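Trainee: let's see this in three dimensions:
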Amino acid sequence: MPSQAADVEPESRLATAADVSAVAWTPRDEMDREQWLTAGRKLGVIGRSSQWWIGDWVRYGNVKWGEKYTEAARITGYDAASLRNMAWVSSQFEPSLRSDKLSWSHHVLLAPLEEDEKREWLQRAESGSLSVAALRDGLRGDDEDTSEEADAADPATDESPLTPNTRLTCPECGHQLALPVD
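Mentor: Have a look, this model is predicted:
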């Protein structure tokens, strides 16, 4: 049985000190700094989590009722391609492997890797506070390698699988996913 907190809509929990809509957050009354910080933390969690939630929601619906990207697009307001991307990335990370200290874009970069590589790179990105761009460079082997050998490398022959123009293909549905560019 779901907890009582799960029965309360997130909007109403946030609305205790502010009114929220699809396009605005407005405090109801004056807030002290702690109230403002608490509201910001809640909003941050929602913002960082929504792609995971939607991806998992789409996957659940697809398993239960078959592929429903068109219907899901109508319901959520996201286009079908974005929903496919969210579902595919979510499918590549069990919840226990997902890092709340890293962004969705970090996970998108790591999604095509094997699970042990994902773990290693997630740990490296967390411990090194790597930006998405730094993680991308690290995956390509570009992370601050200033050796002469690196300077002599011909970018035309670079066979790195991850570049800003790389498109990953979902092995389940064939949908192509563009890597984020930061």
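Trainee: which helix or strand in the protein has the lowest average pLDDT?
Mentor: Least confident helix or strand of the chain, by mean pLDDT, DSSP states H and E, is helix 148-151 with a mean of 37.
Trainee: quick one: mean pLDDT over the helix or strand hosting residue 46.
Mentor: Per DSSP states H and E, residue 46 falls inside helix 33-65. Across helix 33-65, pLDDT averages out at 94.
Trainee: check which residues of it are buried.
Mentor: 39, 42, 51, 52, 54, 55, 57, 58, 61, 62 (16 or more other CB atoms under 10 Å). In this view, the C-beta of every residue, glycine as well, is placed from N, C-alpha and C.
Trainee: surely the third one touches residue 106?
Mentor: If I follow you right, that is residue 51. No. If you go by CB atoms under 8 Å, residue 51 and residue 106 don't touch, sitting 11.8 Å apart.
Trainee: for the residue lying closest to residue 29 once chain neighbours are set aside, what are its contacts?
Mentor: Nearest residue to residue 29 in three dimensions, chain neighbours excluded: residue 17, at 7.5 Å (CB to CB, 6 or more residues apart in numbering). Contacts for residue 17 (CB atoms under 8 Å, 6 or more residues apart in numbering) come out as 27, 28, 29, 31, 35, 38, 39.
Trainee: the chain: helices as residue ranges?
Mentor: For the chain, the helices defined by DSSP state H cover 4-7, 10-14, 33-65, 69-76, 80-91, 104-110, 115-127, 132-140, 148-151.
Trainee: distance to residue 21 added to those, as TSV?
Mentor: Output for those, formatted as TSV (distance: least, CB to CB, whole Å):
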stretch	distance to residue 21
helix 4-7	21
helix 10-14	9
helix 33-65	13
helix 69-76	16
helix 80-91	22
helix 104-110	23
helix 115-127	34
helix 132-140	30
helix 148-151	51
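Trainee: sorry, back to before: measure the residue nearest to residue 29 to residue 25 for me?
Mentor: Distance, residue 17 to residue 25, using CB to CB, to the nearest Å: 10 Å.
Trainee: residue 75 now?
Mentor: In this view, residue 75 and residue 25 are 23 Å apart by CB to CB.
Trainee: one step back: packing partners of the helix holding residue 46?
Mentor: For helix 33-65, the packing partners by 3 or more CB pairs under 8 Å, 6 or more residues apart in numbering; DSSP states H and E come out as helix 10-14, strand 25-27, helix 69-76, helix 80-91, helix 104-110.
Trainee: and those: which comes nearest residue 46?
Mentor: Closest of those to residue 46 is helix 10-14, at 6.5 Å (criterion: CB to CB).
Trainee: and residue 62, what is it in contact with?
Mentor: Per CB under 8 Å, 6+ apart, neighbours of residue 62: 68, 87.
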